[in-house]
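A.B. asks: sequence below, structure please.
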Amino acid sequence: MNAPALQPDAGAQALTEALRLSFRILRGLMVLLVLAYLASGIFVVPQHERALVLRFGRVAGLGTDRVKEPGLHWTWPRPFSEIVRVSTERVLTLDTRSFWYGREAGFQDNAGPGDTLRPDFDGYVVTGDANLLHSRWALRYTVADPYAYQFAYTDAETLLRDELDRAVVQVSARFEVDRALRTDLEAYRDEVDRALRARLAQLGLGIRVQGVDVLAITPPRQVATAFDQVTQSAQERAQFISDARAYAVRAVNEAEGEAARLRAEGESARQARVSDTQSRADAFASLYPKWKANPDVIGRTLLQDGVRRALALVEEKYIVHSRDDGQEIRLHLGPAQKLMAEELK
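C.D. replies: Reported below is the predicted structural model:
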């Protein structure tokens, strides 16, 4: 007789199916996790940034491939890779207070005057004429080479601040305190800017300097009153000089105007004299032949004409006639209007 066939237990079969389904789901989840992990390596670089990928602590890529331009990129996710983002278009600002008033607990901008300067707390620079100045400076820059900026030096920001301080100290030693503080502050700032640019170009820090600014500058508090008095005296001196120059310009203009008037009057008188002389010369030239031909008649005519012109120039006229008996007869010839008025009386 044949033995009866063994029927699988229904519970064991259900368990087997459940385990098989669980393994399938687990494999699917693992695949999804792997895909999600790989997808986490996708990153976007904004327009104002550049990115560097560190793979096992070293920058991935060679040459221009090391710097990731704006757009969509992928790299192996952590812990294999790390993304370093660098802002390249935003203007960054770094300031230094190494030469400003300070105190042990930190810097302060409005400290009251003290008896002496505290070299261990108060910052300052020494000018070319051995005076002291307190100042605050700021550097504006953008990142031109992200790789150099991030990895050429350990701490780029600290190095920048140190180089800014270095440039301020060097340039201050070439400027007198009056120039740096009052009369030539712009040149003082420009010299610091040029010195810092030249130094950073040598270091290859990967930045582009936008400008150097003087945030504040002042003499030591202990002698601020004396500096204010000197400044006031210099301003008064400049005002006096300006007033004197204005007066000089005004006086010169008035003198030139008066000189021009006198020259014009002289030229007019000269032309009138020349014209009168020429007219007399022409008259003489026309009369001379007639006088030469008949001198008596021309002489009497000229005499009468001279007398008539002479009488026309005076108001009171007298005719004096001496008689044979020694008496004089005087005939008064006044203006016609005056004679008529006397007759009406």
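
A.B. asks: what about the helix or strand where residue 272 lies, average pLDDT?
C.D. replies: Assigned by DSSP states H and E, residue 272 belongs to helix 224-293. Taken as a whole, helix 224-293 has a mean pLDDT of 87.

A.B. asks: I'd guessed residue 145 sits against residue 200; true?
C.D. replies: No. Counting by Cβ atoms under 8 Å, residue 200 is not a contact partner of residue 145; they are 11.7 Å apart. Placement of C-beta: from N, CA and C, glycine included.

A.B. asks: quick one: which of these two has more around it?
C.D. replies: More neighbours surround residue 200 than the other of residue 145 and residue 200, with 21 against 17 (other Cβ atoms under 10 Å).

A.B. asks: all helices of the chain, in order?
C.D. replies: Assigned by DSSP state H, the helices in the chain fall at 10-39, 146-151, 156-172, 177-178, 185-203, 224-293, 295-312, 336-344.

A.B. asks: can I get the ones you listed in JSON lines including distance to residue 50?
C.D. replies: Shown next, in JSON lines, are these (distance: least, Cβ to Cβ, whole Å):
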{"stretch": "helix 10-39", "distance to residue 50": "23"}
{"stretch": "helix 146-151", "distance to residue 50": "5"}
{"stretch": "helix 156-172", "distance to residue 50": "15"}
{"stretch": "helix 177-178", "distance to residue 50": "44"}
{"stretch": "helix 185-203", "distance to residue 50": "19"}
{"stretch": "helix 224-293", "distance to residue 50": "47"}
{"stretch": "helix 295-312", "distance to residue 50": "106"}
{"stretch": "helix 336-344", "distance to residue 50": "109"}
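
A.B. asks: those: which one's closest to residue 127?
C.D. replies: helix 177-178 (4.5 Å; Cβ to Cβ).

A.B. asks: contact partners for residue 125?
C.D. replies: By Cβ atoms under 8 Å, 6 or more residues apart in numbering, the contact set of residue 125 is 99, 132-133, 135, 168-169, 172.

A.B. asks: filter those residues down to just the buried residues.
C.D. replies: Buried members of the contacts of residue 125, counted by 16 or more other Cβ atoms under 10 Å: 99, 132-133, 135, 168, 172.
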